[in-house]
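**Student:** just a sequence and a predicted model for now, questions to come.
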Amino acid sequence: MAKITVEDIAEIAKELKWVTLLGITVEKVGEGMSRLRLPASEEVLRPGGTISGPTMMTLADFAMYVAVLGAIGRVEMALTTNLSINFLRPPPPGDLIGDCRLLKLGKRLAYGEVLITSAAVGDGEPVAHSTLTYSIPPER
């Protein structure tokens, strides 16, 4: 069971202007997992009509943040220490889904992965894969 609710995440997200600007929503949060949706918009497209890399990186980062909070509770100062992403194929315009799962949760670090798929394609094949490390503050 998650140690934070979708409603709590929505409250935190109000302070994260980039989440609000992109319209990212949390569909699921569990203990060490999350599913987020980034809605389609013209603002995130790059030349050629595909969704930009920085947009996908933002989705991956926030998905990891939500999964970490799902595992440890409302510790808002958990921070990204590393993000690596592989862009596997260009996603067409449409919603993106970010599915995160924690692979390791320690006292000070959390490590996880995010698979990003395109709802527009709907074949379940990832358009990007990201691994992330988060630092967990000692006074949680």
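**Tutor:** Noted; the coordinates are in hand.
**Student:** now do the helices in this structure.
**Tutor:** Taking DSSP state H as the criterion, the chain contains helices spanning 6-13, 17-22, 53-72.
**Student:** where does the prediction get shaky in the chain?
**Tutor:** Along the chain, the parts satisfying pLDDT under 70 run over 140.
**Student:** and the residue nearest the centre of it, how far is that from Ile12?
**Tutor:** Taking C-alpha atoms, centre = their mean, the centroid of the chain lies closest to Ala63, which sits 1.9 Å from it. According to C-beta to C-beta, to the nearest Å, Ala63 stands 14 Å off from Ile12. Backbone N, C-alpha and C define where each C-beta goes, glycine included.
**Student:** what's the answer for Gly30, then?
**Tutor:** From Gly30 to Ile12 the distance is 17 Å (C-beta to C-beta).
**Student:** please apply the same query to Pro138.
**Tutor:** Note on Pro138: its distance to Ile12, by C-beta to C-beta, is 20 Å.
**Student:** repeat for Ile72
**Tutor:** Taken as C-beta to C-beta, the span from Ile72 to Ile12 is 13 Å.
**Student:** Pro138 and Ile12 - which one has more neighbours?
**Tutor:** Ile12 (15 against 7; other C-beta atoms under 10 Å).
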